[in-house]
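> The following block contains a protein sequence and its predicted model.
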Amino acid sequence: MKKEDMNIVIVGHVDHGKSTLMGRLLADTDSLPEGKLEQVKETCRRNSKPFEYAFLLDALKDEQSQGITIDTARCFFKTDKRDYIILDAPGHIEFLKNMITGASRAEAALLMIDAKEGVQENSRRHAYMLSMLGIHQIAVVINKMDLVDYDQEVFESVKEEYLEFLKKINITPKFVLPVSSFMGENIVKKSDKMPWYDGMCVLEVLDAFECEEDKDKQPFRMPVQDVYKFTRNGDDRRIIAGTIETGTIRAGQEVIFYPSGKRSHIKNIEVFNADPIEEGKPAMAIGFTMVEQIYITRGELMSIAGEKAPQTGSRIAANIFWLGKKDLVPGKVYYLKIGAEKVKMELECVKGVINSSNLSSTEEKNAVGRNEVAECILRTDKPIAFDLVSDIAGTSRFVIVDDYEIAGGGIITAALDDEEKELREGTMLRNLKWEVSDVTVEERVEHYAQKPNLIVLTGPEGTGKKKLAKLLERELMNTGRYVYYMGIGSYLYGVGADTKKASVQDHTEQIRRFAEVANLMLDAGMILVVTATDLTKSDYKILKTIVEGEFEIVWVGNEMTTDISPDLQLADKDYEKSISRIKNMLKDTGAIFRA
């Protein structure tokens, strides 16, 4: 019978002994590769450097020289009860963002406190981040008891101070225990140096943690990591790959992908370099072939028809821990990463802010500063699929990227209504009823040597958009591309004629119908070039909700006159130069190749 699996994260202030504890656990339970301990000891001897168990985990080249852990080290550890993945998360203040990554998949945590140094500012921040990530199974490990002569009074004093803080953030640790990682006291067996303590050692504490509600009994969730197409030796499989978060799945079951709402049935469950298996379970990296060939993109969330569905939307309430050098502010574009999805995001408003170190709070801020925790409302530029933290914690967790760095993390607490809800439901119904062609997306891509793409040229009147669009169409066709230019007038006085008759209220319907026409042409494998005057951010969100596939917004003109965020701005009428820039953009996004 297969043992349980559990992810544990070890967190704490710098130099409070996390890596040493992990090294001790590995060494004292014979979990190290043969000869590894002796090899590290010999290296230390040759370099005239005192041996430390933390060196067993120093995977990055500069860690030993700096003496701090700067990334999340992982080690695999076994007891009679479980197989563990233990994560050593950074403690230094500059590396808190890495700790969020390390803790994002953990089910339980060890919070390390140095008995001699006591509770530090980072000790409080780490606890708050664990709370924000929905990790409530926590043991407080008061380390380096050898430096305070195993004094019970010191232990009780540190314990009391930290428990008082944890109570304020609604964390009740399951265990508080005194240890000396360096000396090996109370790690894998009870210590005789602390007769006043009659609780468990670290090894027993780990096994006493409870696995999250059996993940295999929860609704099925798998973020789509990628889609692979095989062609060699007659292998024509198209495999949708990812790691199962929760639930189990078997061949023959009907699955739904969110937020698109597309459906298919599982044909086979594939694993690397082995025969297909009958059942997929949580934590398995796995692939699926489908009975009905549908176009699925990275980032969608896979579920089973008939089970509780995930939430979808572009507007969410969230609790955020902010670590960025610059404040989180409204009006700036960030990236939100959840599961395998990455979307543009903006802060709509701040409902309240708490300082993670002293718990002071304010409701009168419109930004979130470094090391602050906030209740916020966020907007994404297209619908995403997720769960609430109260339902499935793993698919509610996200990180925020600012200037290519992780600047914050958090959990989704509520799905909020957005303007695109009705459109999204209509799109899901369309996808449910869609008649899938026998010609696959991959076959069209290979045949036309391009990926379908929508290029929207927008901006004020009189900037030369139409001329540029027609010249671009001609250039792409001359290089063998399957391309078509559609001016907005061609659509408005045809398919959209009845919406042209009157009121402003018809504008949303005009954009919706235009998006549906564009979606059909993209499904045919085409590069579609369109022009429209002064598209707005709300117009863009309608397009994002309805159009299945990639598209770029190109602003033509020197001055931005709407709130849209273009992928490219062309500020002059040098058409040859502008076409070259658009073609380079298409190459960068992978829309065109085999030039």
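Nice, I can see it.
> any idea how far residue 299 is from the residue most central in space within the chain?
For the chain, the residue whose C-alpha lies nearest the mean C-alpha position (C-alpha atoms, centre = their mean) is residue 338; its distance is 2.9 Å. Counting by C-beta to C-beta, to the nearest Å, the separation of residue 338 from residue 299 is 8 Å. Any C-beta I mention is one placed from the backbone N, CA and C, and that applies to glycine too.
> Now the residue nearest to the centre of the chain: closest residue in space, sequence neighbours ignored.
Nearest residue to residue 338, sequence neighbours excluded (C-beta to C-beta, 6 or more residues apart in numbering): residue 398, at 4.0 Å.
> Assign that neighbour to helix, strand or coil.
strand (DSSP: H, G, I helix; E, B strand; the rest coil).
> pLDDT score assigned to residue 400?
Predicted confidence (pLDDT) for residue 400: 93.
> quick one, what contacts it?
Applying C-beta atoms under 8 Å, 6 or more residues apart in numbering to residue 400 gives the contacts 320, 324, 328, 334-337, 345, 406-410.
> Point out where the stretch 51-200 of the chain drops to low pLDDT.
Counting by pLDDT under 70, the stretch 51-200 of the chain contains low-confidence residues at 51-76, 87-106, 132-133.
> try it again with 80
For the stretch 51-200 of the chain, residues meeting the criterion pLDDT under 80 lie at 51-80, 83-107, 121-122, 125-126, 128-136.
> What segments of it are strands?
In chain order, the stretch 51-200 of the chain shows strands spanning 73-78, 82-88, 108-114, 138-143, 175-178, with DSSP state E, counting those that start in this stretch as the criterion.
> Format these as a markdown table; extra columns: distance to residue 512 and mean neighbour count.
A markdown table is the format used below for these (distance: least, C-beta to C-beta, whole Å; neighbours: other C-beta atoms under 10 Å):
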| stretch | distance to residue 512 | mean neighbour count |
| --- | --- | --- |
| strand 73-78 | 47 | 16 |
| strand 82-88 | 46 | 21 |
| strand 108-114 | 47 | 26 |
| strand 138-143 | 49 | 25 |
| strand 175-178 | 56 | 23 |
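> nearest to residue 280, of these?
Each of the strands of the stretch 51-200 of the chain was scored for nearness to residue 280 using C-beta to C-beta, and the closest is strand 82-88 (17.9 Å).
> Parallel or antiparallel, list what pairs with the closest one.
Strand pairing for strand 82-88, using DSSP bridges, gives strand 4-12 (parallel), strand 73-78 (antiparallel).
> wait, what's in contact with the residue located most distally from the centre of the chain?
Of all residues in the chain, residue 195 sits farthest from the chain's C-alpha centroid, using C-alpha atoms, centre = their mean; the distance is 45.8 Å. Contact criterion C-beta under 8 Å, 6+ apart gives no residues in contact with residue 195.
> Give me the distance between it and residue 116.
21 Å.
> Repeat that for residue 239.
In this structure, residue 239 lies at 54 Å from residue 116, with C-beta to C-beta as the measure.
> Residue 244 is in contact with residue 220, isn't it?
Yes. Between residue 244 and residue 220 there is a contact under C-beta atoms under 8 Å: 7.5 Å.
> related to what we said a few turns ago, now distance to residue 371 too, for the strands of the stretch 51-200 of the chain, in JSON lines please.
Conversion of the strands of the stretch 51-200 of the chain to JSON lines gives the following (distance: least, C-beta to C-beta, whole Å):
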{"stretch": "strand 73-78", "distance to residue 371": "24"}
{"stretch": "strand 82-88", "distance to residue 371": "21"}
{"stretch": "strand 108-114", "distance to residue 371": "17"}
{"stretch": "strand 138-143", "distance to residue 371": "20"}
{"stretch": "strand 175-178", "distance to residue 371": "25"}
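> So for residue 169, which of these sits nearest?
Per C-beta to C-beta, nearest to residue 169 of the strands of the stretch 51-200 of the chain: strand 138-143, 11.0 Å.
> orientation of that closest one relative to strand 4-12 in degrees?
Note on geometry: by axes from the mean of the first three to the mean of the last three C-alpha atoms, to 10 degrees, strand 138-143 and strand 4-12 are set 50 degrees apart in direction.
> contacting residues around strand 138-143?
By C-beta under 8 Å, 6+ apart, the list of residues contacting strand 138-143 from outside reads 12, 16-17, 20-21, 108-115, 127, 130, 155, 158-159, 162-163, 166, 171, 173-181, 202, 205, 209.
> Now do the contacts for the residue nearest to residue 338.
The contact partners of residue 398, taken as C-beta under 8 Å, 6+ apart, are 318, 336, 337, 338, 386, 409, 410, 411, 412.
> which among the residues you listed gets closest to residue 451?
When the contacts of residue 398 are compared for distance to residue 451 (C-beta to C-beta), residue 337 comes out closest, at 22.8 Å.
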